[in-house]
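Undergrad: sequence below, structure please.
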Amino acid sequence: VAVNESVKLAQSVDPDGNRTLGVITKADMTDNDEDKRNLIRLLNGSIIPMRKGFIMVRCRSTNEVNTCSIEEALEREKYFFENDRILRTADMSKIGIPTLSKILTKNLVNLIKRKLPEMKSAITELRLMAKNELERMPQAPPENKSKRRVYIISLLNKFQRDLDESIILGKVDKIDRAEEGNSYIVWRAAFLRYAEKLKELSQSLLSDKLTEAYFNSEIPLRQGESLTSMFVHFDIIKDPVKRHIKDYRAPAETCLTEISTHIEGIMSLLVEKHFTTLPGIRGFIEELCHTTRLNQESQTLEQMKFHLKEESIIYTQDYILKDEQDSLEEKQPLSNEGTLLECNARRVLRLLEVYLNIMNRRLSDQIPACIVRSFNRELVKKLSKQLIELGDSEEFIERAAENREMALRREQLIDRVKRLEKGEGKLI
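TA: Prediction:
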């Protein structure tokens, strides 16, 4: 029963029987002649067929383990099988621990021979993987001070070049963010949302606050000696426009923040790309980029405030005003129904709509142009100057020590490649 269970267990992991060798033990513990004959039948494969067959051995007893050497135990085993009245009739080529040792060694050698090409292929694959990882790792900072300076300046130049191409040219491939497309797609989308918000604010003003009824009451107050039929006074729209301009600040700031945040993300990714293994200078450059960006954002905000303040001067070229009036009149002709006061109110409301359209288009260009100039040119120019100054700083160069984990990983990979190459050579 025990033998059957053992065979079933072996078959579950080696169904073809290519790696299973049966070993019959404790033959010396059997006194019954019939049991000994069954052992011989088992050894010959008559009871349980096994591809690699069975070997019968005599193991040392508990007492012999402590009192008998291996050589002496082997002699006792040989004596036992040669002198047992029944077991000596068994096939002696399948008897004894020396026989078991030879068969196991032969099987192991044959297995290794079969697996050798596979082992060599696996070792080659592991070596190439380790070598590729090693080659992908950033170069370690040289120990020599002058060489280290050259190395750091080279890194700063690469960082600056990628910064120029990512921000000025919009090449996101420098930061592995190609799924966003060109960076200018992000910018233009923000500028478009800003322009749409201006239109939304103007429509809200025209539909909710300034109506024909408003101008019906406002015109008589400003008419003075003017004839009602002749009244279209540009000044009547100045106060509503000036009050309306303050609502334009929030969308401009939102647009600025969105672009500034996008720039911050680009700079952070580039810092990680170029300085991830140099913690001593990575944090310094991150802080430099962050501070410079915030300062530039603050300056840009002041410039935008100036542009918005200029809009309090209600002005546009006559031909621009006329072109916009003609365009709206063609799309939505004004009605002449009602009293003269009602007609004039509609004309003033139309004049306000015309001027808001002109102002919106002007700001839709001026504010984005202000942001682009500030971040696309001035920010990059300032950072470039600061990076050049860093390259001349002795203190900064001294900080360029490689991340300890990265250095340890580099050592491990170098050692691994050497060991795998040595193993490969022995398998040839």
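
Undergrad: going by C-alpha atoms from here, please, whenever you check contacts or count neighbours.
TA: Fine.

Undergrad: which residues are in contact with I263?
TA: Residues in contact with I263 (C-alpha atoms under 8 Å, 6 or more residues apart in numbering) are 167, 375.

Undergrad: check which helix or strand covers it.
TA: helix 249-275 (DSSP states H and E).

Undergrad: can you name the next helix or strand after that helix?
TA: Sequence order places helix 279-310 as the next helix or strand after helix 249-275, per DSSP H and E.

Undergrad: name the residues of that next one that are buried.
TA: The neighbour-count check on helix 279-310 (16 or more other C-alpha atoms under 10 Å) flags 279-282, 285-286, 289-290, 292-293, 296-297, 300-301, 303-305, 308 as buried.

Undergrad: so which bits of the helix or strand just after it are buried?
TA: Moving toward the C-terminus from helix 279-310, the next helix or strand (DSSP H and E) is helix 318-331. For helix 318-331, burial by neighbour count (16+ other C-alpha under 10 Å) applies to 321, 324-325.

Undergrad: average pLDDT for helix 318-331?
TA: The average pLDDT within helix 318-331 is 90.

Undergrad: low pLDDT regions in the stretch 301-428 of the chain?
TA: Residue ranges of the stretch 301-428 of the chain with pLDDT under 70: 340-341, 402-403, 428.

Undergrad: hang on, I meant the stretch 51-200 of the chain
TA: 170-182.

Undergrad: where exactly do the helices run in it?
TA: 62-67, 70-83, 97-136, 145-163, 183-204 (DSSP state H, counting those that start in this stretch).

Undergrad: list the residues that contact K115.
TA: With C-alpha under 8 Å, 6+ apart, K115 has no contacts at all.

Undergrad: circling back to that earlier point, next, the buried residues of the helix holding I263.
TA: Going by neighbour count (16+ other C-alpha under 10 Å), the buried part of helix 249-275 is 251-253, 255-256, 258-260, 262-264, 266-272, 274-275.

Undergrad: run the angle between it and helix 145-163 for me.
TA: For helix 249-275 against helix 145-163, the angle by axes from the mean of the first three to the mean of the last three C-alpha atoms, to 10 degrees is 140 degrees.

Undergrad: coming back round to it: mind putting the buried residues of helix 318-331 into CSV with distance to P368?
TA: Listed next are the buried residues of helix 318-331 as CSV, based on distance: C-alpha to C-alpha, whole Å:
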residue, distance to P368
L321, 23
E324, 23
Q325, 26
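
Undergrad: closest one of these to L427?
TA: Closest approach to L427 among those (C-alpha to C-alpha): E324, at 84.9 Å.

Undergrad: that closest one contacts E353, correct?
TA: No: the pair E324 / E353 is not scored as a contact, 9.5 Å apart, by C-alpha atoms under 8 Å.

Undergrad: and for A190, the neighbour number?
TA: Here the count is done by other C-alpha atoms under 10 Å, and A190 has 19 residues near it.

Undergrad: from what I see, it and S260 are in contact.
TA: No: here A190 does not reach S260: they are 11.1 Å apart, not a contact under C-alpha under 8 Å.

Undergrad: find the residues that touch each one of those two.
TA: With C-alpha under 8 Å, 6+ apart, A190 and S260 have no common neighbours.

Undergrad: ok, back up a step: of the helices of the stretch 51-200 of the chain, which is nearest E342?
TA: Taking the helices of the stretch 51-200 of the chain one by one with C-alpha to C-alpha, helix 183-204 is closest: 20.7 Å.

Undergrad: ok, and for the closest one, which residues are buried?
TA: Neighbour-count burial for helix 183-204, counted by 16+ other C-alpha under 10 Å, picks out 183-184, 187, 190-191, 193-195, 197-199, 201-202.

Undergrad: including distance to G45, could the residues you listed go into CSV?
TA: Below are the buried residues of helix 183-204 laid out as CSV (distance: C-alpha to C-alpha, whole Å):
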residue, distance to G45
S183, 77
Y184, 80
W187, 82
A190, 84
F191, 87
R193, 86
Y194, 89
A195, 91
K197, 91
L198, 94
K199, 95
L201, 96
S202, 99
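
Undergrad: quick one: which of these is nearest L21?
TA: Distances from L21 to those, taken by C-alpha to C-alpha, are shortest for S183, at 68.0 Å.

Undergrad: gap between the closest one and N376?
TA: Separation of S183 from N376 (C-alpha to C-alpha, to the nearest Å): 11 Å.

Undergrad: shared neighbours of those two, anything?
TA: With C-alpha under 8 Å, 6+ apart as the test, S183 and N376 both reach I167.

Undergrad: coming back round to it: what about the helix holding I263, average pLDDT?
TA: 91.

Undergrad: run the chain-centre distance for that helix.
TA: Taking C-alpha atoms, centre = their mean, to the nearest Å, one finds the center of helix 249-275 at 18 Å from the center of the full chain.

Undergrad: what's the pLDDT at I219?
TA: pLDDT for I219: 58.

Undergrad: sorry, slip of the keys, the one I care about is F234.
TA: At F234, pLDDT is 62.

Undergrad: now swap in L227 and tell me
TA: 47.

Undergrad: quick one: the residue in the chain sticking out farthest from the centre from Y79, how far?
TA: Ranked by distance from the centre of the chain (C-alpha atoms, centre = their mean), the top residue is R85, with 77.4 Å. Computed as C-alpha to C-alpha, the R85 to Y79 distance reads 12 Å.

Undergrad: and for M29?
TA: 15 Å.

Undergrad: who's more crowded, these two?
TA: Neighbour totals were compared for M29 and Y79, and Y79 leads with 12 against 9 (other C-alpha under 10 Å).

Undergrad: N132 - how many residues pack around it?
TA: 12.

Undergrad: quick check: V23 is in a strand.
TA: Yes: according to DSSP: H, G, I helix; E, B strand; the rest coil, V23 belongs to a strand.

Undergrad: report how many residues lie close to the nearest residue to it once chain neighbours are set aside.
TA: Nearest residue to V23 in three dimensions, chain neighbours excluded: I55, at 4.9 Å (C-alpha to C-alpha, 6 or more residues apart in numbering). Counted with other C-alpha under 10 Å, residues neighbouring I55 total 23.
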